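*Asks:* just need the structure, nothing else, for what follows:
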Amino acid sequence: MSGIQIDASEIPRVVPCYHSLTQTVMATNLAEIRQIGAQDTVPLRHSILWPTHPVTHVLLPEDDIGFHYGAFIPTLSVDPVAVISVFYDPVPGPADHVSTAPATNTSAEVITPRAARFRKFACASEHQGKGVGTCLLEHVFAVAAREMGCAVIWCDARRSASGWYERRGMRMFGETFFKGDIEYVRMMRDL
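*Replies:* Okay, here's the model as predicted:
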């Protein structure tokens, strides 16, 4: 890795963890990450993402079929300080994530890799910029790849946060769009 220097003290220390779609617990020196119920994501989703809207605005019809994770700091609170939800969901529209079938396939069929989409990613304001959200996102990347069998993960990101996602290996694709008066862009990462 020429030109890149990493301070080992900045890398979260990962202790033994159990990965499963039914139960996940991962401890780092920043937070404990574990699978939670959809209802446990709602308070942070609402207070951080859409505080001026009714709480129903942060509920997703597919919450019952998603996988939800929280980052906890046990010494501070029993509630999660960051939450994220992940779903099986194909990447929308034409993008550079598709490949053509091998030459032995005469139909030249387009193969789309299995994809995961994360939604409603929120971190309490007082814990932003401390690495908790990064640990939670990296955990979801690992779950999507290893447990869900996905080759790509994507999201609709607020344009104002796109640089944060880029620093975590994601890239923009497609056109920008708006949800209300907030500009969004789609972002993806190969797993």
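*Asks:* shaky segments in this structure?
*Replies:* Applying pLDDT under 70 to the chain flags residues 1-29, 94-111.
*Asks:* how about a cut-off of 90?
*Replies:* 1-31, 74-78, 93-113, 180 (pLDDT under 90).
*Asks:* and L136, its phi and psi?
*Replies:* L136 has phi and psi values of phi -70, psi -40 when expressed as degrees, to the nearest 10.
*Asks:* how near is it to C123?
*Replies:* 8 Å (CB to CB, to the nearest Å). All C-beta spots, glycine's among them, are computed from the backbone N, C-alpha and C.
*Asks:* between the two, who's got more neighbours?
*Replies:* Taking neighbours as other CB atoms under 10 Å, L136 and C123 compare with L136 leading, 27 against 22.
*Asks:* contacts only, for that one.
*Replies:* Contacts here follow CB atoms under 8 Å, 6 or more residues apart in numbering; on that basis L136 touches A31, I33, Y69, G70, A71, A82, V83, I84, F121, C123.
*Asks:* returning to what we had before: got any residues that touch both of L136 and C123?
*Replies:* Counting by CB under 8 Å, 6+ apart, the residues touching both L136 and C123 are A71, A82.
*Asks:* related to what we said a few turns ago, let's have the contacts of L136 in JSON lines, adding distance to T176.
*Replies:* Below are the contacts of L136 laid out as JSON lines (distance: CB to CB, whole Å):
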{"residue": "A31", "distance to T176": "32"}
{"residue": "I33", "distance to T176": "31"}
{"residue": "Y69", "distance to T176": "27"}
{"residue": "G70", "distance to T176": "30"}
{"residue": "A71", "distance to T176": "29"}
{"residue": "A82", "distance to T176": "25"}
{"residue": "V83", "distance to T176": "25"}
{"residue": "I84", "distance to T176": "22"}
{"residue": "F121", "distance to T176": "18"}
{"residue": "C123", "distance to T176": "23"}
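*Asks:* how about those residues, which pair is most distant?
*Replies:* A31 and F121 (14.3 Å; CB to CB).
*Asks:* mind listing what's buried in stretch 151-167?
*Replies:* V152, I153, W154, C155, A157, S162, W164, Y165 (16 or more other CB atoms under 10 Å).
*Asks:* and for the residue lying closest to the first one once chain neighbours are set aside, the neighbour number?
*Replies:* What sits nearest to V152 in space, not counting adjacent residues and going by CB to CB, 6 or more residues apart in numbering, is A115, at 4.7 Å. Other residues within reach of A115, judged by other CB under 10 Å, total 21.
*Asks:* with the one 5 residues further on instead?
*Replies:* For K120, the neighbour count with other CB under 10 Å is 24.
*Asks:* tell me which element it is part of?
*Replies:* strand 115-123 (DSSP states H and E).
*Asks:* what are the pairing partners of that strand, and which direction each?
*Replies:* Applying DSSP bridges, strand 115-123 is found paired with strand 82-88 (antiparallel), strand 152-158 (parallel).
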